[in-house]
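A.B. asks: What would the 3D arrangement of this be:
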Amino acid sequence: MTNVTIDVLILLTQNLPIGTNLALLHFLWMLVTGALFPTRGAIIPALTYLKDSLAIRQQIGDKAGLCATLFNIGHIHLQKKENQEAISAWVTVYRIAKPMGLAQALQALSDLAPNLGMPPGLDGWEKLALQIQEQSK
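C.D. replies: Sure, this is the predicted structure:
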């Protein structure tokens, strides 16, 4: 980080009350992913990092980690207005999590559905998974 970046971080965080770790975490995540200055890019290209993580999780067979990584990749695509890629990542999460009963991933998808204009729960994800499967035939 440059001295200017460090100075800005100090300025932004010096007046935060103690116990705002979550707010600080969100701020740092926005800084790392480039959300604060989208025209300047991220300090660490988050999508590149997550794709590397995805490859490692595939190699070691970490299905729960694979779901978490794909879920985050979906959010980055959505932030970049790449809706099809986001949906594709989340449907892949659904396809992995459903047969294994990965409750955390399934709950995250269920919670996400209404924010995307889908009915609450997992029915919308099931329909999307079937539609994508039919289109790929």
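A.B. asks: okay, CA-based contacts and neighbour counts for the rest of this
C.D. replies: OK.
A.B. asks: Now the phi/psi pair for Gln107, please.
C.D. replies: phi -70, psi -40 (degrees, to the nearest 10).
A.B. asks: and the gap between it and Ala97?
C.D. replies: According to CA to CA, to the nearest Å, Gln107 stands 10 Å off from Ala97.
A.B. asks: His77 too?
C.D. replies: 20 Å.
A.B. asks: Okay, now the unreliable bits of the chain?
C.D. replies: 1-44 (pLDDT under 70).
A.B. asks: circling back: ok, Gln107 and Ala97, which is more surrounded?
C.D. replies: Ala97 (20 against 13; other CA atoms under 10 Å).
A.B. asks: what's the strand or helix carrying that one packed up against?
C.D. replies: Counting by DSSP states H and E, the element that carries Ala97 is helix 83-100. Where contact means 3 or more CA pairs under 8 Å, 6 or more residues apart in numbering; DSSP states H and E, helix 83-100 is packed against helix 63-79, helix 103-112, helix 123-135.
A.B. asks: got JSON lines for those helices, with distance to Ile56 too?
C.D. replies: What follows is these, written out as JSON lines (distance: least, CA to CA, whole Å):
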{"stretch": "helix 63-79", "distance to Ile56": "9"}
{"stretch": "helix 103-112", "distance to Ile56": "19"}
{"stretch": "helix 123-135", "distance to Ile56": "25"}
